[in-house]
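Asker: Build me a model:
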Amino acid sequence: MAELVVWAVYGYLGIGLAVAGLFLLVGIERLDASSRGAYAFRPLLVPGLTLLWPLVLRRWLGAVR
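Answerer: All right, here's what the predicted structure looks like:
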């Protein structure tokens, strides 16, 4: 049972890192126009994006529509 929980956490964080990477490369400029050209602060967003990836993904997909 503990292994299942650990694998679930790894899966959640893995998806979070993938969403964070894609969002920082492609999506951040669509949601925040002032982030254009500001590349130094993007690595600081990775921990928050990794943990809150469902909210980020929902907002990002909502902005695309």
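
Asker: Following the chain onward from the helix or strand containing residue 9, which element is next?
Answerer: Element membership of residue 9, judged by DSSP states H and E, is helix 2-22. Downstream of helix 2-22, the first helix or strand assigned by DSSP H and E is helix 28-31.

Asker: need the next SSE after that following helix, C-terminal direction.
Answerer: Counting by DSSP H and E, what follows helix 28-31 is helix 42-51.

Asker: What are the buried residues along that next one?
Answerer: 49-50 (16 or more other C-beta atoms under 10 Å). The way it works is simple: take the backbone N, C-alpha and C, and place the C-beta from them, glycine included.

Asker: pLDDT of it, averaged?
Answerer: The pLDDT scores in helix 42-51 average 93.

Asker: mind exporting that helix as CSV, just the C-alpha atoms?
Answerer: What follows is helix 42-51, C-alpha atoms only, in CSV (Å, rounded to 0.1, in the frame of the first residue of the first chain):
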residue,chain,number,x,y,z
ARG,A,42,10.8,31.5,-14.6
PRO,A,43,12.9,28.9,-12.7
LEU,A,44,11.5,30.4,-9.5
LEU,A,45,8.0,29.4,-10.6
VAL,A,46,8.8,25.7,-11.1
PRO,A,47,8.1,24.5,-7.5
GLY,A,48,4.7,26.2,-7.4
LEU,A,49,3.7,25.1,-10.9
THR,A,50,4.7,21.5,-10.1
LEU,A,51,2.5,21.3,-7.1
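
Asker: Tell me how many other residues surround residue 16.
Answerer: 21 (other C-beta atoms under 10 Å).

Asker: Enumerate every residue touching it.
Answerer: Residue 16 makes contact with 49-53 under the criterion C-beta atoms under 8 Å, 6 or more residues apart in numbering.

Asker: mind running it again at 10 Å?
Answerer: Contact analysis of residue 16 by C-beta atoms under 10 Å, 6 or more residues apart in numbering lists 46-54, 56-57.
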